[in-house]
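Student: below are the sequence and a predicted model; questions follow.
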There are 2 protein chains.
Amino acid sequence: MPKTYATVATLPKVVTQTVTVRGWVAHLRSSGKVAFIVMRDGTGLLQCVLVKNQLTPEVWERFATLTQETSIAVTGEVRAEPRAPGGHEMGVTDLEVLGTSPHDYPIQPKEHGIDFLLDNRHLWLRSPRQVALMRVRHEIEQSIHDFYYERGFIHVDTPILTAAIGERSGLFSTEYFEEGTAYLAQTGQLYGEAAAAALGCIYTFGPTFRAEKSKTRRHLTEFWMIEPEMAFYDTHASMQLQEEMLVSIVGRVLERRQAELKELERDVSKLEAIQGPFPRIAYTDAVATLQAKGSAIVWGDDLGAEDETLLVADYQTPIFVCNYPKQAKAFYMKENPDDPRTVLCDDCLAPEGYGEIIGGSQREDDHDKLLARIHEEGLPVDAYGWYLDLRKYGTFVHSGFGLGLERTVAWITGTPHIRECIAFPRMMHRLRP
Amino acid sequence: MPKTYATVATLPKVVTQTVTVRGWVAHLRSSGKVAFIVMRDGTGLLQCVLVKNQLTPEVWERFATLTQETSIAVTGEVRAEPRAPGGHEMGVTDLEVLGTSPHDYPIQPKEHGIDFLLDNRHLWLRSPRQVALMRVRHEIEQSIHDFYYERGFIHVDTPILTAAIGERSGLFSTEYFEEGTAYLAQTGQLYGEAAAAALGCIYTFGPTFRAEKSKTRRHLTEFWMIEPEMAFYDTHASMQLQEEMLVSIVGRVLERRQAELKELERDVSKLEAIQGPFPRIAYTDAVATLQAKGSAIVWGDDLGAEDETLLVADYQTPIFVCNYPKQAKAFYMKENPDDPRTVLCDDCLAPEGYGEIIGGSQREDDHDKLLARIHEEGLPVDAYGWYLDLRKYGTFVHSGFGLGLERTVAWITGTPHIRECIAFPRMMHRLRP
């Protein structure tokens, strides 16, 4: 009889039917007459029940050969079983071994050191917590695409390989034929601005690179960023969009990934509290608040990680810190007409101490002010000629921001270190596997 | 009175209302008493009508100052007007200049050379044909995400920076702290395979890099690729998925991007013909057919571009060429049990001579055969240790493929050269802007 294959995720559709499911052994248990296999197939967990006196001796004996991660095909009737992991159970009539797995499988139920786990990331990914993290990341990514698609934003892929835009630190470089040195993009923003003049509202979604010797729990050398850029949005409209986006992402994960949040032991009440409006706090006010709380920050400094944690402690939602001093921020941010010492920008800080997840700003749309800032920073004007063109030919009010994907995943899943929030993390001492 | 802002795309909702639209001047025309502005705002085109005796002299005179790409805000009543570009017209009551545009705007209605256009890519992107291309690309991207989301595939981001996996040609490299040299990924496949063992069916969607001195109309040094990897799919199931994906993408573009296809002067009847099943032609049969058509190909050769064109000439749909000789393909492809000189693989060739858009294969899941192939190719076994682990701990039948995004956009939009199918193309002699 030909087999009818099913995945664990589709089992609700085949209850009472006999199907074959392929996957890997996660747990084994036997009482001598009844044996249990909990298997995973990537889509979920299935408890398989083998009753000795209902099976041929060959099949029953095959159970004894199983080890963790053996790949198997099990055939049997699917039953709803609320107490089983995944909510279904299979009464096994046949068991086939597809691929053996030696007893030295590296990832064991015991505690492993992080370096060992990262050395074995290709196998560690199979663990329940890692599977849950990757599924939530996936849901977040799709929810972002959907959010922007529904709003008519155009997804634009900006280049990774870029020509020199000045001697900036933290750049990876590579030889590029006869064109000299190319640098790996730290951001797609400048290109996004050009695209916004062509397409209105756009967003990029891709990897970005920082060759920084940071070893914190919030830094990767390669991380994914979403960078919307919106023609005719000022800084207020941009913050409104950021807020709607974050509420949408969190809502989507709550709606569709409860099982993963449970696996991750996430306190979902913290996520249910994520509703707008998010507080918008002027930098100058934030400094006063921090000083009152005992921080040594002085006006002009960027906020440190400890300052961020102090500041968000009073709130259940993300907060915006707006209008930083010019000296603390990038040259392309628009001067604040109400206080030219500052620029029209915002950092969005996640609650629970997860820190900055978004940096955004209205862009300087005055050609001469932008040129002056390029000179002040000692940047090569030639390299920015095309960027200045955007202010020469029909300049326009526009704003944009960058959302760090791994930091967002870390916050939503309650993961302390972002290295677990991407399939194969890249850090200063980590290039493999 | 506060202004009500609208974008061109949302005008159907505000017919008979007075709104303000911001954008850029595309065309100007005046009869002395009536003037027309066709403006673009990234979401579409709007014809604006100015009647001299219904306007203040200031507003009327302002019209005379307009140039191509001046950014403006127009206020007036929106009317349905089927003869106007975009289907709507505005009876202008106010016109504001937001940003001037000098008369030297580089992109003029005349023919420009390709190098000039690419040097001004940041402005060329604003042209109607380029806008249409970017919108179709965006629709294709979202349709791919939706296709896989609906099927329960997990989107996984694989690393760009990778450790050495042998002396392969065509790699961009960069210094990576104390870890030595890192290479920019040519594919995410190997990582995708590890993720498939964790998550079942996955897909990657990201930039890939080839440092090749190719100067054809089908090569970029940086291009985007979608690489699904499916646990428990054999080569036939993989081709079925490829076919469903391509039919889905083309159908989606036909459904939602008719205006863009019209702008691109695409013969949509060619796209309407894209329905399954697609022919599946064994390589050996393809060689015989090509030889009968006069090709000099001999068994063992890869198909050249001319061979591909000859072969697809008989078909209206994409075709699969399957089971190439082992020597012409990569080490990880599974040996064909019916003919061990060949491997279980497929190239999908687009119709109309657009050439290969997908390369796929069943992966070698036999540990020892894979190890032997790694030795045969002279690859460093150490670097592939983690990849071999996937065959050691519960090996599994699996297949995957890579779809080249720019080639797919070129085919669907009928664009001869893929350099127009990405916002900022990167080629051997092109790293700017």
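Tutor: Sure, I can see it. Given the structure is predicted, the values throughout are model-derived calculations rather than measurements.
Student: what does the helix or strand of chain A with the lowest mean pLDDT contact?
Tutor: Taking all helices and strands of chain A together, the one with the lowest average confidence (mean pLDDT, DSSP states H and E) is helix A:305-312, at a mean of 93. When contacts are taken as CB atoms under 8 Å, 6 or more residues apart in numbering or on different chains, the neighbours of helix A:305-312 outside the stretch itself are A:216, A:218, A:281, A:286, A:289-290, A:293, A:295, A:297, A:303, A:318-319, A:321, A:349-353, A:355-356. Where you see a C-beta, it was placed from the backbone N, CA and C, and this is true even at glycine.
Student: likewise stretch A:215-223?
Tutor: Contact with stretch A:215-223 is made by A:172, A:207-212, A:305, A:355, A:404-407, A:410, A:416-419, A:422, A:425-429, B:159-161, B:176, as judged by CB under 8 Å, 6+ apart.
Student: please apply the same query to stretch A:73-90.
Tutor: Stretch A:73-90 is contacted by residues A:3, A:6, A:8, A:11-12, A:14-22, A:37-39, A:44-49, A:91-96, A:98 when judged by CB under 8 Å, 6+ apart.
Student: can you pull out the helices in the stretch 201-350 of chain A?
Tutor: With DSSP state H, counting those that start in this stretch applied, the stretch 201-350 of chain A shows helices at A:235-256, A:258-263, A:268-272, A:283-292, A:305-312, listed in chain order.
Student: packing partners for the longest one?
Tutor: Meaning helix A:235-256. helix A:128-150, strand A:222-231, helix A:268-272, strand A:319-322, strand A:345-350, strand A:355-362, strand A:398-404, helix A:405-413 (3 or more CB pairs under 8 Å, 6 or more residues apart in numbering or on different chains; DSSP states H and E).
Student: including mean pLDDT, could these go into a markdown table?
Tutor: Below are the helices and strands packed on helix A:235-256 laid out as a markdown table (pLDDT from 0 to 100):
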| stretch | mean pLDDT |
| --- | --- |
| helix A:128-150 | 98 |
| strand A:222-231 | 98 |
| helix A:268-272 | 98 |
| strand A:319-322 | 98 |
| strand A:345-350 | 98 |
| strand A:355-362 | 97 |
| strand A:398-404 | 98 |
| helix A:405-413 | 98 |
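Student: nearest to residue B:267, out of the ones you listed?
Tutor: Using CB to CB as the measure, helix A:128-150 is the one of the helices and strands packed on helix A:235-256 that comes nearest residue B:267, at 27.0 Å.
Student: now do the helix or strand encompassing residue A:388 against strand A:398-404, angle only.
Tutor: Assigned by DSSP states H and E, residue A:388 belongs to helix A:385-392. Here helix A:385-392 runs at an angle of 130 degrees relative to strand A:398-404 (axes from the mean of the first three to the mean of the last three CA atoms, to 10 degrees).
Student: burial count for residue A:318?
Tutor: Using other CB atoms under 10 Å in any protein chain shown, residue A:318 is surrounded by 24 other residues.
Student: give the contact list for the residue sitting furthest away from the middle of chain A.
Tutor: In chain A, the greatest distance from the average C-alpha position (CA atoms, centre = their mean) is reached by residue A:53, at 48.9 Å. Contact criterion CB under 8 Å, 6+ apart gives residue A:33 as the residues in contact with residue A:53.
Student: returning to that earlier point: from the contacts of stretch A:73-90, which are also near chain B?
Tutor: A:22, A:98 (CB under 8 Å from any CB of the partner chain).
Student: now the contacts of stretch A:73-90: which count as buried?
Tutor: Among those, those classed as buried by 16 or more other CB atoms under 10 Å in any protein chain shown are A:6, A:8, A:11, A:18-22, A:37-39, A:44-49, A:91-95, A:98.
Student: please flag which of those residues sit within helices.
Tutor: Residues from the buried ones among the contacts of stretch A:73-90 lying in helices, with DSSP state H as the criterion: none.
Student: how about the helices in the stretch 51-200 of chain A?
Tutor: Chain-ordered helices for the stretch 51-200 of chain A, with DSSP H, counting those that start in this stretch as the definition, fall at A:57-64, A:114-119, A:121-124, A:128-150, A:189-199.
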